[in-house]
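>>> A predicted structure for the sequence below; I have some questions about it.
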Amino acid sequence: MIALLHIDIGGIQIRVKLYSDGGARGNPGDAAFAFIICTDEGRIIKENSRYIGFSTNNEAEYSGLLAGLEEAWNLGALEVEVIMDSELVIKQIRREYRVKARNLKPYYDEVTKRISDFKKVTFTHVKRDEPMISRADASLNQELDDHELLKKIKKN
């Protein structure tokens, strides 16, 4: 799978769009995240979702971002446009908001460390109804539904 390629003096660059979402039922509660990596034209290269256990909504948002950045790096991306509906995460990473919650500081630190590996990373806040964010949201909610079903099966 190849993303959009640009020729640059330094060689070949790969640019991708990373859509990420996270959620927790109960906040904190059962939590999951999902991410989708696409070319600039919108062709999906990779998507994934994961149940992460008991967590806050914001921790799940950060977890999805971290997993998506790791996968973008593994795919060979050098430039990433991160697109999320989490205003808090986007504004914290852009340094428009301070990270006040102690539980989010390690996530913030890890994201800032990870983005330094890329040539360029931009962060865009969108509304929840953006189609790829809606798709990621549906995927993470399916993870949560599946986990709930497994808990019920194990009880019986």
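Arrived safely.
>>> list the buried ones in the strand or helix carrying Asp137?
Using DSSP states H and E, Asp137 sits within helix 131-155. Within helix 131-155, the residues scored as buried using 16 or more other Cβ atoms under 10 Å are Met132, Ile133, Ala136, Asp137, Ser139, Leu140, Asn141, Glu143, Leu144, His147. The way it works is simple: take the backbone N, C-alpha and C, and place the C-beta from them, glycine included.
>>> Name the residues that touch it?
17, 19-23, 25, 30-36, 38, 42, 47, 49-51, 60, 64, 83-85, 126-128 (Cβ atoms under 8 Å, 6 or more residues apart in numbering).
>>> Can you select the buried ones among these for me in ChimeraX?
Here is the ChimeraX command that selects the buried residues among these (16+ other Cβ under 10 Å):
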select :17,19,20,21,22,23,30,31,32,33,34,35,36,38,47,49,50,51,60,64,83,84,85,126
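>>> partner strands of the lengthiest strand in the chain, parallel or antiparallel?
The strand that spans the most residues within the chain, counting by DSSP state E, is strand 11-25. Its sheet considered, strand 11-25 pairs with strand 4-8 (antiparallel), strand 29-38 (antiparallel), strand 79-84 (parallel) by DSSP bridges.
>>> Let me see the mean pLDDT of it.
Here strand 11-25 scores 88 as its mean pLDDT.
>>> For it, C-alpha coordinates in CSV please.
Extracted C-alpha coordinates of strand 11-25, given in CSV (Å, rounded to 0.1, in the frame of the first residue of the first chain):
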residue,chain,number,x,y,z
GLY,A,11,14.2,11.9,-1.6
ILE,A,12,10.7,10.5,-1.4
GLN,A,13,8.2,11.7,1.1
ILE,A,14,5.0,10.0,2.1
ARG,A,15,2.2,12.1,3.4
VAL,A,16,-0.9,10.7,5.1
LYS,A,17,-4.0,11.9,6.9
LEU,A,18,-4.6,10.3,10.3
TYR,A,19,-8.2,10.4,11.6
SER,A,20,-8.4,9.4,15.3
ASP,A,21,-11.1,9.1,17.9
GLY,A,22,-11.5,7.7,21.4
GLY,A,23,-14.3,7.2,23.8
ALA,A,24,-15.2,5.9,27.3
ARG,A,25,-18.6,4.8,28.5
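>>> How far off centre is that strand?
Distance, stretch centre to chain centre, for strand 11-25: 6 Å (Cα atoms, centre = their mean, to the nearest Å).
>>> re earlier: what's the most distant pair in the buried residues of helix 131-155?
Met132 and His147 (23.0 Å; Cβ to Cβ).
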